[in-house]
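# Quick one, what's the 3D model for this:
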Amino acid sequence: MGRSGDLPRGLVDRFLAKDGEWPDDSGCSILHVDMDAFYASVEIRERPELRDRPVVVGGVGVRGVVSSANYIARRYGVRSAMPTSTARRLCPDAVYIPPTFGLYQEISAGVFAIFREITPLVEGLSLD
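Residues are numbered from 1 along each chain as shown. Next up, the predicted model:
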């Protein structure tokens with residue numbers, strides 16, 4: 001058992017194999033975390049009633065652009081960086097939310113703090 005065996009059980013419980021064994025990550029040297037739906041996930045965390053709805057975060061004006069879409073909205077073809085007007089045509093029933101960047105920065109700092117509890121070798125990359 002690698003480093004995941006040392007993590008608090010709540011962080012890795014969902015990764016138990018079907019046979020009840022913990023995954024062996026002893027040979028793992030890199031962890032990649034894709035947080036492409038991060039803004040939408042934060043908004044849903046703040047408003048749990050949106051959990052089962054398509055959620056799109058981005059500019060809501062005429063020239064707005066999608067910053068993030070949850071996986072439900074992606075089923076309709078909504079993607080980051082597309083015009084919000086296109087997203088509205090693809091998924092008219094989605095909840096469209098303007099970004100709350102201060103909140104995202106706060107939550108992101110907490111996520112990176114968790115990463116740094118595991119290893120000091122953390123590199124963040126954002127294209128947004």
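# Check the protein and tell me which residue is nearest its centre.
When Cα atoms, centre = their mean is applied to the chain, the residue found nearest the centroid is residue 38 (3.0 Å).
# So, low pLDDT: which residues of this protein?
Under the criterion pLDDT under 70, the flagged ranges of the chain are 1-25, 126-128.
# coming back round to it: show me what the residue nearest to the residue nearest to the centre of the chain when sequence neighbours are not counted bridges to in the sheet.
Using Cβ to Cβ, 6 or more residues apart in numbering and skipping the chain neighbours, the partner closest in space to residue 38 is residue 68 (6.4 Å). Quick note: C-beta positions are derived from backbone N, CA and C, even for glycine. Note on residue 68: beta-bridge partners by DSSP bridges are residue 57.
# if I pick residue 68, what's in contact with it?
Counting by Cβ atoms under 8 Å, 6 or more residues apart in numbering, residue 68 makes contact with 36, 37, 38, 39, 40, 56, 57, 58, 80.
# before we move on, the earlier item: test my guess that the residue nearest to the centre of the chain contacts residue 105.
No: counting by Cβ atoms under 8 Å, residue 38 sits too far from residue 105 to count as a contact (11.2 Å).
# how near is the residue nearest to the centre of the chain to residue 89?
Residue 38 is 24 Å from residue 89, where distance means Cβ to Cβ, to the nearest Å.
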